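K.L.:
Could you work out the structure for the sequence below:
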Amino acid sequence: MLDRSTAPPFIKSDNFELPGFKSGDVNGIPLFLIPEVRQDVLKIELMFPAGKWYEPKAGVSHFTSNMLEKGTQRLNSSELAEMFDRFGAHIEISAGYDNTSVSLYALRKNWKEVAEMLAEMIQTPAFDNEELDLMKDIFLQNLKVNREKTSFVVSQVIRKNIYGNHPYGTSLEEKDIMELRPEQLRSFHAASFSPSAIFVTTHPSVTMEEVSKRFGLFVKAAGDKSPSPVMTEGQKNEHVPKEGVQTSLRLGRRTLMRTDAGYPDLLLFNQILGGYFGSRLMKNIREEKGLTYGIYSSINPLVHDSFFVIGADVNKDNRDLALEEIRKEIKRMRTEPVDGEELEIARNHFLGSLQSEVANPFSVTDKIKNIYLHRLPKNYYPNLFSRINSITPQDLLDVGERYVHEDSMFTATVG
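P.N.:
Just a heads-up that it's a prediction; the model follows:
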């Protein structure tokens, strides 16, 4: 009989491997087939070089992307939605800083039919003027509501000050939205909506030949038309007064990218500082001082740059104290070696989370997608796992001194 009074022994894994996948192409477009789903469902994700980085005018990327599901030249928005619903399919569209992602979730038995509908939706959108006006009205209403939230405003302010008048730093304004016209969306669609890659997460029975056939009408875009915007900086410290009892604060700066050798060290540094519930910021600012319900730090790796940010919401009266304590924790991380127990707890938490993600086939696909989009080596994740396992307290001091110094931080507070 199993003795449940004694915990099983802890076994630490020393390696990490992504599940296998197949790669090919459709008319020169890279195609990745990840046969990891054992249920009757699949996901098709198409990536387009159509994020904010590429847009000729603010708002064009967001509205072009989200207008795709508002009707085709053959079907209006209601008819298109009904067709997907009939087959139990779901569409997700995300216009990001670098790329636009269009994802289809569907039952495997219906995937061929809905894949053809997906292709029609992407290739022949209607860009109906009434639908665009309705979408603009909804966006403006949401923008008005969001601007009353200190956390929304402070996130815009910190990006603006880190990057200035750059795609990573700008935010949509009412004027930008009101000036958008259907012909601008059509022009951007024609220039940018040829897939740069296709990712299919599915059952092992689905073949590359079947997938290639469904997307055979797509053609690879000619050449790389990526712009090279100039990164500038705004105010080092900015406070935006706002009525209410709450202040949202952010500290941030540009930092290492996934391709940089020191990136794994920065990941573990971030984990200890504010990357999980047992972090130093959480213990100090939340548990000991009681200044906030939650505080975090994170690294946001984009294709062309990366930024580090710390965020929290506090009572107005505690704003200065919270900022002071955050800076103390950053300084302590870069000047005092982390003790062995704290290092191992954070390391094991990070590696355990990484390992648990491969149990989800869609998370596996996200990692394969990262490798492709960020031009990483195929063994990136095994190397990352190995490096995290070998990082020393001195490595953390070095990366903190170089890339997370408290005096190098931009600070933004709203409220």
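
K.L.:
ok, Tyr372 - contacts?
P.N.:
Applying Cβ atoms under 8 Å, 6 or more residues apart in numbering, we find Tyr372 in contact with 30, 32, 197. To be clear about C-beta, it is placed using only N, CA and C from the backbone, and glycine gets the same treatment.

K.L.:
Can you add pLDDT, distance to Leu172 and neighbour count and give those back as JSON lines?
P.N.:
Formatted as JSON lines, the contacts of Tyr372 follow (pLDDT from 0 to 100; distance: Cβ to Cβ, whole Å; neighbours: other Cβ atoms under 10 Å):
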{"residue": "Pro30", "pLDDT": "94", "distance to Leu172": "31", "neighbour count": "16"}
{"residue": "Phe32", "pLDDT": "95", "distance to Leu172": "32", "neighbour count": "22"}
{"residue": "Ala197", "pLDDT": "95", "distance to Leu172": "27", "neighbour count": "22"}
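
K.L.:
Tell me which of those residues fall in strands.
P.N.:
Counted as lying in strands by DSSP state E, out of the contacts of Tyr372, are 30, 32, 197.

K.L.:
Now the second one: closest residue in space, sequence neighbours ignored.
P.N.:
In this case it means Phe32. Closest residue in space to Phe32, ignoring its immediate chain neighbours: Phe199 at 4.9 Å, by Cβ to Cβ, 6 or more residues apart in numbering.

K.L.:
residue ranges for the helices of the stretch 301-415 of the chain, please.
P.N.:
Ranges of helices within the stretch 301-415 of the chain are 319-335, 340-357, 361-373, 380-390, 393-403, based on DSSP state H, counting those that start in this stretch.

K.L.:
Show me the one of the ones you listed that comes nearest Ser297.
P.N.:
In terms of Cβ to Cβ, the element of these nearest to Ser297 is helix 319-335, at 9.0 Å.

K.L.:
what's the domain layout of this protein?
P.N.:
Domain assignment for the chain by automatic domain parsing gives 22-214, 237-414.

K.L.:
can you list the ones you listed in CSV and add distance to Met231?
P.N.:
Formatted as CSV, those follow (distance: least, Cβ to Cβ, whole Å):
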stretch, distance to Met231
domain 22-214, 5
domain 237-414, 7
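
K.L.:
So which of those domains is nearest Ala7?
P.N.:
Evaluated over the domains of the chain, closeness to Ala7 peaks at domain 237-414, with 15.1 Å, by Cβ to Cβ.

K.L.:
Endpoints of that closest one, how far apart?
P.N.:
One end of domain 237-414 to the other measures 11 Å (Cα to Cα, to the nearest Å).

K.L.:
Give the pairing partners of the one helix or strand the residue nearest to Phe32 maps to; include direction for each.
P.N.:
Assessed by DSSP states H and E, Phe199 sits inside strand 197-201. Under the criterion DSSP bridges, strand 197-201 sits next to strand 29-34 (parallel), strand 41-48 (antiparallel) in its sheet.

K.L.:
thinking again about what came up before, can you check which of the domains of the chain gets nearest to Ser5?
P.N.:
Nearest of those to Ser5, taken as Cβ to Cβ: domain 237-414 at 23.8 Å.

K.L.:
Leaving out chain neighbours, which residue sits closest to Arg108?
P.N.:
Excluding its sequence neighbours, the residue lying closest to Arg108 (Cβ to Cβ, 6+ apart) is Asp40, at 4.9 Å.

K.L.:
distance of that neighbour from Gly96?
P.N.:
The spacing between Asp40 and Gly96, counted by Cβ to Cβ, to the nearest Å, is 30 Å.

K.L.:
So these two - more neighbours on which side?
P.N.:
Taking other Cβ atoms under 10 Å, Asp40 and Gly96 do not tie; Gly96 has more neighbours (17 against 12).

K.L.:
residues in contact with the closest residue to that one other than its chain neighbours?
P.N.:
If the residues on either side of it in the chain are set aside, Gly96 comes closest to Gly51, at 4.8 Å by Cβ to Cβ, 6+ apart. Gly51 makes contact with 61, 95-100, 167, according to Cβ under 8 Å, 6+ apart.

K.L.:
just Ala106 next, same as before
P.N.:
By Cβ under 8 Å, 6+ apart, the contact list for Ala106 reads 41-44, 87-90, 114-115.

K.L.:
how does it look with 6 Å?
P.N.:
For Ala106, the contacting residues are 89, 114, by Cβ atoms under 6 Å, 6 or more residues apart in numbering.

K.L.:
And it, which helix or strand is it part of?
P.N.:
Per DSSP H and E, Ala106 falls inside strand 100-107.

K.L.:
Please apply the same query to Asp137.
P.N.:
helix 129-146.

K.L.:
Off-centre distance for that helix?
P.N.:
With Cα atoms, centre = their mean, to the nearest Å as the basis, helix 129-146 stands 24 Å off its chain's centre.

K.L.:
and the strands paired with strand 197-201, which is most packed in?
P.N.:
Ranked by mean neighbour count, those are led by strand 41-48 with a mean of 22 (mean count of other Cβ atoms under 10 Å).

K.L.:
element containing Pro264?
P.N.:
Taking DSSP H and E as the definition, Pro264 sits inside helix 263-270.

K.L.:
Trp111 touches Leu42, doesn't it?
P.N.:
Yes. With contact defined as Cβ atoms under 6 Å, Trp111 and Leu42 form a contacting pair (5.4 Å).
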